[in-house]
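Trainee: Here is my input, please return the structure:
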Amino acid sequence: MILWHVAGSVFLFRWIFRDPDADLRFVALGGLLSDLIDKPIGLILFPGTFGTARVFAHSLGFAVALMTVGMLATSRGTTARHKIITLSVGVLFHLLLDGMWAMPETLFWPLFGTEFSRFVGNYWGGFLGRIFSSPLTIVQEVAGFVYLLSMWVGAGLSRPSARRRLYTEGRIVIEEPVE
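Mentor: Okay, the predicted model is just below:
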């Protein structure tokens, strides 16, 4: 659910923080980071051990450790600190968008033990069928696409200068309609 996580994280960040100077590239990366880490670990490298796509990086401990290390490694008021905070917030939004409260043994790992909830059956077998047969997943991905498309139009990202700002600074400027 790439579009859901990217769009959801960016939407929540912009709605809650209203920080026009935030680097949205780091928010979006944070929105994907848990899956980028856990899917290879749990499903490719150690499928017999974990048997799930939600392991360490789907825990609050990961988000807190990421922010703590980032805060200790950067100086107050620097761009680096701002970026690590936005990345960490993106990770927290990923946990929210995944509904991790329904998996407390993973969300609060290792407080409730060191085991993770296993995926029942073969994760990769029938993967596309599961995605396209789940109305919730379809609605989430469509909502993510619609939000990203509305940002594209609202920020005039068809203009090279607006795209350059997004690619180099991670910023978008939604143009308000002139009355």
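
Trainee: which residue packs closest to the residue nearest in space to the middle of the chain, ignoring adjacent ones?
Mentor: The centroid of the chain falls nearest to G31 when counting by CA atoms, centre = their mean (1.0 Å). Leaving aside its chain neighbours, G31 sits nearest to S9 (3.0 Å; criterion: CB to CB, 6 or more residues apart in numbering). All C-beta atoms are positioned from the backbone trio N, CA, C, and that covers glycine.

Trainee: Give me the residue ranges of the protein where confidence is low.
Mentor: Counting by pLDDT under 70, the chain shows low-confidence ranges at 118-133, 175-179.

Trainee: quick revisit: hmm, A28 and the residue nearest to G31 touching each other?
Mentor: Yes - using CB atoms under 8 Å, S9 makes contact with A28 at a distance of 6.3 Å.

Trainee: neighbour count winner among these two?
Mentor: S9 (29 against 22; other CB atoms under 10 Å).

Trainee: Tell me who's in contact with the more buried one.
Mentor: S9 makes contact with V27, A28, G30, G31, G90, F93, H94, L97 under the criterion CB atoms under 8 Å, 6 or more residues apart in numbering.

Trainee: which residue ranges form the strands in the protein?
Mentor: For the chain, no strands turn up when DSSP state E is the criterion.

Trainee: quick one: stretch 37-55 to chain centroid distance?
Mentor: Per CA atoms, centre = their mean, to the nearest Å, the displacement of stretch 37-55 from the mean C-alpha position of its chain is 18 Å.

Trainee: List the buried residues in it.
Mentor: Within stretch 37-55, the residues scored as buried using 16 or more other CB atoms under 10 Å are 37-39, 41-43, 47, 50-55.

Trainee: between those, which is closest to I174?
Mentor: For those, the residue nearest I174 by CB to CB is I37; the value is 31.2 Å.

Trainee: Tell me how far the closest one lies from L92.
Mentor: 15 Å (CB to CB, to the nearest Å).

Trainee: How about V64?
Mentor: Per CB to CB, V64 is found 9 Å from L92.

Trainee: Comparing the two, which shows the higher neighbour count?
Mentor: A count of neighbours by other CB under 10 Å puts L92 above the other of V64 and L92, at 22 against 13.

Trainee: Number of residues surrounding G170?
Mentor: As a burial measure, G170 scores 18 neighbours (other CB under 10 Å).

Trainee: Show the contacting residues for it.
Mentor: Taking CB under 8 Å, 6+ apart as the criterion, G170 is in contact with A22, D23, L24, R25, F26.

Trainee: ok, now which ones touch the spatially closest residue to it that is not a sequence neighbour?
Mentor: Closest residue in space to G170, ignoring its immediate chain neighbours: D23 at 3.3 Å, by CB to CB, 6+ apart. Applying CB under 8 Å, 6+ apart, one finds that D23 lies in contact with H82, K83, T86, E169, G170, R171.
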